[in-house]
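Participant: Below is the sequence, then the predicted model.
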Amino acid sequence: GARRVYVSTDSGATWSNATLPSEVAAANLGIDWGGITADATDGFLVAGGSFPTTAGVTNPRAYVIRSSDATTWELSTANSPGLGAITRGPDGYVAVGVVGQISRTTTFGGAWTSLATGFVMPGDFFGAASGPAATILVGAGGNVLRSANHVDGWTVATTGTTLRLQSAVYADNKYVVVGGNNNAGAGVASILTSATAESNSWTKVDLTGPSLLNTVVHEASRARFVTAGFGNQIYSATDPAGTWTAVAKPADQAINAGAAGAGIYILAGDNGTIFRSTNGTTWSAVVSGTTQQLLAAAFGAGRFVVAGFNNSNNQPRSVILTSTDGGQTWQAVDVPYTMSIRSLVFSDGRFRAFGGTASILTSLDGVVWTADTSQFAGLFRAAARTPHGLVAGGTSGMVATLEAPTATVAVPTLVAEVGAAAG
């Protein structure tokens, strides 16, 4: 929306700034005007507001201004948080906002009433997992989106937390989800466990020290879960709802992704960091050959693949590394793509890479990649294999399934994340 209200009295040939009410003018730096409606009898109503994402705004509010002649404006209401659209109906006016706000008035100059809707702002998805009971997507605001048939009919599962959830895995007959409070300082990270992923079925364990856990993996032959993120420790447990044991990282680098297979655990992160373990408790750093940020990892066909993004010298390029010796040595793959890879998944004999363009990269061996065009322009951060193919989740609650053909699915609105979003 625009930060100003413009008025034309000559059929749009010339425009001038409207003189706004003093209450609004004082706060106008942080107000986005997103909706306008006009009535031949009443006049004009303009709705807008300052939002939680507006720079410098700590107390988001909604505003509606009214004018009978587009010259003299009055403040009609000031509700919280923000309004993005307004329209006239047979019984008055309705304004809606970005965090589920709906306000209504029956008269042009009358008082506005906020209506309880139950709707809340969609958040971003950062992790995915699939098990017999359901496929889940996890993300901002403690959201867990659940589909019992793995394709559609998505519902929000209540987890009891509003923290950012970063990663999920299904193993040992349970769903395990990790996250935290979304900053690089010390804080409290959380681990959620459920056998069904249904509402109110989650057991939460808090870890004091790390502020955000970015990945959780499980290796079946070792029967151990591993998680890591910000902070200088790696955590492991055989029972994710029980006690987690911490060990120091081989180097103090943020971990963004992980994978496990063939008795090996791999963790990948900032500055080309790759850690390796054969038991989930003893770790060593291995040479990756890159200093770029690694954001995704997968295991399949006897090899590990990690990926990320290189934006050196303003020349964006995908980064993909492979290992065929259990993560001991790594080879860079020359890929002519520019997407920031955020998620890797191995399914049906293929690696697939998802990220920030309208392409999905596919490879049989992790070395030779081809780009499949999708109709999705958003950023996919999460993907998982399901009994019916693949599911991917991304920004603003975006969900897609990859079958034949790729199809979008309807999703419910979700809980708004507490705090600023990380990249």
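Facilitator: Good, I have the coordinates.

Participant: thinking residue 275 is in contact with residue 254, fair?
Facilitator: No - when contacts are counted by Cβ atoms under 8 Å, residue 275 is not listed as touching residue 254 (11.6 Å). Yep, even glycine has a C-beta here, placed from its N, CA and C like the rest.

Participant: all strands in the stretch 301-423 of the chain, in order from the N-terminus.
Facilitator: Residue ranges of the strands in the stretch 301-423 of the chain, as given by DSSP state E, counting those that start in this stretch, are 303-310, 317-323, 331-333, 341-347, 350-355, 359-363, 370-373, 380-386, 389-394, 399-402, 407-408.

Participant: Check which helices and strands the first one is in contact with.
Facilitator: Right, the one you point to is strand 303-310. Taking 3 or more Cβ pairs under 8 Å, 6 or more residues apart in numbering; DSSP states H and E as contact, the helices and strands that strand 303-310 lies on are strand 255-261, strand 264-269, strand 293-300, strand 317-323, strand 341-347, strand 350-355.

Participant: still on that earlier bit, which of residue 275 and residue 254 has more neighbours?
Facilitator: For the pair residue 275 and residue 254, the greater number of neighbours falls to residue 275 (23 against 19), based on other Cβ atoms under 10 Å.

Participant: And the nearest residue to that one once chain neighbours are set aside, what's its pLDDT?
Facilitator: Nearest non-adjacent residue to residue 275, counting by Cβ to Cβ, 6 or more residues apart in numbering: residue 267, 4.3 Å away. pLDDT for residue 267: 98.

Participant: Give me the neighbour count for residue 267.
Facilitator: Neighbour tally, residue 267, other Cβ under 10 Å: 32.

Participant: For it, give me its contacts.
Facilitator: Contact partners of residue 267, counting by Cβ atoms under 8 Å, 6 or more residues apart in numbering, are 215, 226, 228, 234, 255, 257-258, 273-276, 283, 297.

Participant: Any chance of JSON lines for these, columns pLDDT?
Facilitator: Formatted as JSON lines, these follow (pLDDT from 0 to 100):
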{"residue": "215", "pLDDT": "98"}
{"residue": "226", "pLDDT": "98"}
{"residue": "228", "pLDDT": "97"}
{"residue": "234", "pLDDT": "97"}
{"residue": "255", "pLDDT": "97"}
{"residue": "257", "pLDDT": "98"}
{"residue": "258", "pLDDT": "98"}
{"residue": "273", "pLDDT": "98"}
{"residue": "274", "pLDDT": "98"}
{"residue": "275", "pLDDT": "98"}
{"residue": "276", "pLDDT": "98"}
{"residue": "283", "pLDDT": "98"}
{"residue": "297", "pLDDT": "98"}
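
Participant: If you go by neighbour count, which of those residues are buried?
Facilitator: Among the contacts of residue 267, those buried by neighbour count (16 or more other Cβ atoms under 10 Å) are 215, 226, 228, 234, 255, 257-258, 273-276, 283, 297.

Participant: where do the helices sit along the chain?
Facilitator: In the chain, the segments counted as helices under DSSP state H are 22-25.

Participant: residue nearest the centroid of it?
Facilitator: Centroid-nearest residue in the chain: residue 124, 2.3 Å away (criterion: Cα atoms, centre = their mean).

Participant: where does the stretch 301-423 of the chain dip in pLDDT?
Facilitator: For the stretch 301-423 of the chain, residues meeting the criterion pLDDT under 70 lie at 357-358, 374-377, 403-423.

Participant: The stretch 151-300 of the chain too?
Facilitator: Residue ranges of the stretch 151-300 of the chain with pLDDT under 70: 182-186.

Participant: Strands of that one, residue ranges please.
Facilitator: For the stretch 151-300 of the chain, the strands defined by DSSP E, counting those that start in this stretch cover 155-157, 164-171, 174-180, 187-194, 203-209, 213-219, 224-229, 233-237, 245-248, 255-261, 264-269, 274-277, 284-285, 293-300.

Participant: and the ones you listed as JSON lines, adding distance to residue 360?
Facilitator: Output for those, formatted as JSON lines (distance: least, Cβ to Cβ, whole Å):
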{"stretch": "strand 155-157", "distance to residue 360": "26"}
{"stretch": "strand 164-171", "distance to residue 360": "20"}
{"stretch": "strand 174-180", "distance to residue 360": "24"}
{"stretch": "strand 187-194", "distance to residue 360": "29"}
{"stretch": "strand 203-209", "distance to residue 360": "34"}
{"stretch": "strand 213-219", "distance to residue 360": "21"}
{"stretch": "strand 224-229", "distance to residue 360": "26"}
{"stretch": "strand 233-237", "distance to residue 360": "31"}
{"stretch": "strand 245-248", "distance to residue 360": "36"}
{"stretch": "strand 255-261", "distance to residue 360": "18"}
{"stretch": "strand 264-269", "distance to residue 360": "20"}
{"stretch": "strand 274-277", "distance to residue 360": "24"}
{"stretch": "strand 284-285", "distance to residue 360": "31"}
{"stretch": "strand 293-300", "distance to residue 360": "13"}
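
Participant: for these, which one sits closest to residue 351?
Facilitator: Closest to residue 351 of the strands of the stretch 151-300 of the chain, according to Cβ to Cβ: strand 293-300, at 6.1 Å.

Participant: Contacts for that closest one next, please.
Facilitator: Residues from elsewhere that reach strand 293-300 (Cβ under 8 Å, 6+ apart): 215, 256-262, 264, 266-274, 288, 304-309, 319, 321, 340-346, 349, 351, 353.
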